[in-house]
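Trainee: for reference, the sequence and a predicted model appear below.
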Amino acid sequence: MIIKKNLSLVLILFIFSTSLLGKEAPIPAKDKVIKQYILIGFKTGIKPAQINEIKEQAMALAKKTRTLKKVEWGKRADITDNTKDYGYCLIFEFKNDADFEIFQENPLRIELMGRIYPIAKKTLKFTYHVIK
């Protein structure tokens with residue numbers, strides 16, 4: 001009986017200790033890098049100059065706010081037609097959830113989105129934590 005108890009205890013300790021080896025403590029989601037992708041399909045007839053103005057305004061946000069870590073702007077390169085309705089992509093990167101939440105109320109972000117939505121035929125927005 002004592003041998004079974006000791007064997008069980010050793011087995012439990014072995015399983016517990018090996019499960020900890022080589023693993024980092026999980027980082028709480030609130031402390032992880034967070035990215036927001038906004039795919040944009042502009043209405044027919046929107047001039048390239050209008051799109052460029054939006055791009056410039058978006059790119060300037062990184063210098064005008066402390067909550068943004070990085071801003072990227074891209075043009076669709078998907079040859080499979082999976083995203084054919086979205087010609088452009090705006091990517092915001094934040095250090096953590098707190099910065100992301102603060103940015104949502106930023107007047108500069110609200111102004112930018114207020115310029116995008118009226119001339120967009122379609123938008124698709126998604127946000128995720130970066131897992132390394």
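Mentor: Right, received. Where do you want to start? This one's a predicted model, so the numbers in the text were calculated from it and none came from an experiment. Residues are numbered from 1 along each chain as shown.

Trainee: contacting residues for the nearest residue to A120 once chain neighbours are set aside?
Mentor: Spatial nearest neighbour of A120, excluding adjacent residues (CB to CB, 6 or more residues apart in numbering): I40 at 5.4 Å. For glycine as for every other residue, the C-beta is placed from the backbone atoms N, C-alpha and C. Counting by CB atoms under 8 Å, 6 or more residues apart in numbering, I40 makes contact with Y86, G87, Y88, C89, L90, I116, A120, K122, T123.

Trainee: pLDDT value on the fifth one, please?
Mentor: When you say that, I think you mean L90. The model reports L90 with a pLDDT of 97.

Trainee: and the helix or strand in which it is found, how far out from the chain's middle?
Mentor: According to DSSP states H and E, L90 maps onto strand 88-94. Its chain's C-alpha centre and that of strand 88-94 lie 7 Å apart, by CA atoms, centre = their mean, to the nearest Å.

Trainee: do stretch 73-84 as well
Mentor: 18 Å.

Trainee: then stretch 53-67?
Mentor: 16 Å.

Trainee: just for this structure, where's the confidence low?
Mentor: Along the chain, the parts satisfying pLDDT under 70 run over 1-30.

Trainee: what about the helices in it?
Mentor: With helices called from DSSP state H, the chain shows them at 2-20, 48-64, 97-104, 107-119.
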